[in-house]
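Undergrad: Generate coordinates for the sequence data below:
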Amino acid sequence: MARIRLLEKEEVQPGETTWVQFVLAQPLAAVNNDHYVIRSPMETLGGGSIIETHPARRHQRFRPEIIENLKIRCEGKLDEIILATLKNQQPLERGKLFSRINMDRGALQAATDSLVRWGQLVAIGEGVNCLLFTDSAWERLKQNILTLLKDYHRAYPLRSGMPKAELANKVKLGPSFQPALQKLITEKSVTEKLSLVSLIDFEKKFSPAQLSHIDNYLQELSKTPYSPAPETILEPDLLNLLIEKGQIVQTAPGIVFSTEAYEEMTSKILVYIKLNGKINLAEVRDMFQSSRKYAQAILEHLDEKKYTRRIGDDRVLGEKIPPDTSK
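TA: Have a look, this model is predicted:
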């Protein structure tokens, strides 16, 4: 059982021909170019041949471009059929495209290779799993991604890039997103680092006020390096940028050491453990003339890094050694 949607006429008279789309009550095994007959309980109503077994969507009625696409699928040359099939749904894996066209595989392979060479198709990957786009669809996708990144950089000039998951969610390519992104990386249009995607020519730029805040903040950290309590408050993006650039180390929420102070403290703590077998919080506090708050923050941070390991109230050497204390 099926309903018939007339795509180019309101009704069909006996002897007329038109394009239709069937809406089946249940799946039916069929391939392109199969013939069919339409029957009612009383009589034969018509017949025809199947042009498209897996339409990407319900076709809109009275749309000339849809009718033209179907005509090409029916009567066109092989390269025209390939392009018309892809326009209905893309990207498609090469193997799925071949299945939908249902013609000689060797001829299809040669035709798609030729279309790729002439720039009418864009191929991502190799073999039957290779993704195929029409050139116009790929260009639209590429410009969409580049625009999304440009807008993100404008909104967040101090961030290294847009989270890849966020970009993928906006682009809505599903599993095809990663291959498409990799092609843009290969083309040197974008770059990816630590799951952050940015335009290849993106550079972070500071305003004079931000540079002044950074200078003040770093100077205040150096005044009491082992008990830092800077009065200058940095916006989160600036703080994260200093962490990323390796100028500061955040050991706990609200507790930040300059990298120089952090490395000095780490080195002295680990040397002490090597000489004495262990160290406790009070010994760390007295070693740097700081408070329990800062001693606890750096010890817990070293535990997280596995440079130390806690046993009761003491710390012993962990399974990892930071580069500056490896000797």
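
Undergrad: who's in contact with residue 78?
TA: Contact analysis of residue 78 by C-beta atoms under 8 Å, 6 or more residues apart in numbering lists 103, 107, 108, 111. The way it works is simple: take the backbone N, C-alpha and C, and place the C-beta from them, glycine included.

Undergrad: switch to 10 Å and redo it
TA: Contacts of residue 78 were listed using C-beta atoms under 10 Å, 6 or more residues apart in numbering, and they are 101, 103, 104, 107, 108, 110, 111, 112, 114, 115.

Undergrad: quick one, strands of the stretch 151-300 of the chain?
TA: When assigned using DSSP state E, counting those that start in this stretch, the strands of the stretch 151-300 of the chain occupy the ranges 162-163, 190-193, 196-199, 248-252, 255-258, 279-280.

Undergrad: re the thing from before, kindly reformat the contacts of residue 78 as CSV containing neighbour count, secondary structure and distance to residue 89.
TA: What follows is the contacts of residue 78, written out as CSV (neighbours: other C-beta atoms under 10 Å; DSSP: H, G, I helix; E, B strand; the rest coil; distance: C-beta to C-beta, whole Å):
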residue, neighbour count, secondary structure, distance to residue 89
101, 21, helix, 12
103, 14, coil, 18
104, 12, coil, 22
107, 12, helix, 21
108, 19, helix, 17
110, 12, helix, 22
111, 21, helix, 18
112, 23, helix, 16
114, 14, helix, 21
115, 21, helix, 17
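
Undergrad: Give me the domain ranges for this protein.
TA: Residue ranges for the domains of the chain, per automatic domain parsing: 1-75, 102-204, 208-325.

Undergrad: Reformat those domains as CSV; add distance to residue 87 and mean pLDDT.
TA: What follows is those, written out as CSV (distance: least, C-beta to C-beta, whole Å; pLDDT from 0 to 100):
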stretch, distance to residue 87, mean pLDDT
domain 1-75, 6, 85
domain 102-204, 6, 91
domain 208-325, 42, 91
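
Undergrad: Name the residues linked to the residue nearest to residue 222 when sequence neighbours are not counted by a beta bridge.
TA: Leaving out its chain neighbours, the residue that sits closest to residue 222 by C-beta to C-beta, 6 or more residues apart in numbering is residue 258, at 6.0 Å. Legend: beta-bridge partners of residue 258 under DSSP bridges are residue 248.

Undergrad: Could you measure from residue 258 over to residue 215?
TA: Residue 258 sits at a distance of 13 Å from residue 215 (criterion: C-beta to C-beta, to the nearest Å).

Undergrad: who has more neighbours, the two?
TA: residue 258 (20 against 11; other C-beta atoms under 10 Å).

Undergrad: Surely that one is in contact with residue 248?
TA: Yes - the pair formed by residue 258 and residue 248 meets the contact definition of C-beta atoms under 10 Å, at 5.9 Å.

Undergrad: which residues do those two both contact?
TA: 217, 218, 221, 228, 242.

Undergrad: And the helices in this protein, which stretches?
TA: Under the criterion DSSP state H, the chain carries helices at the ranges 64-75, 78-88, 94-101, 105-117, 135-155, 164-171, 177-186, 208-223, 236-244, 259-276, 281-288, 292-304.

Undergrad: want to throw these into JSON lines with distance to residue 18?
TA: As requested, these are exported to JSON lines (distance: least, C-beta to C-beta, whole Å):
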{"stretch": "helix 64-75", "distance to residue 18": "9"}
{"stretch": "helix 78-88", "distance to residue 18": "19"}
{"stretch": "helix 94-101", "distance to residue 18": "23"}
{"stretch": "helix 105-117", "distance to residue 18": "29"}
{"stretch": "helix 135-155", "distance to residue 18": "29"}
{"stretch": "helix 164-171", "distance to residue 18": "38"}
{"stretch": "helix 177-186", "distance to residue 18": "38"}
{"stretch": "helix 208-223", "distance to residue 18": "66"}
{"stretch": "helix 236-244", "distance to residue 18": "60"}
{"stretch": "helix 259-276", "distance to residue 18": "74"}
{"stretch": "helix 281-288", "distance to residue 18": "85"}
{"stretch": "helix 292-304", "distance to residue 18": "70"}
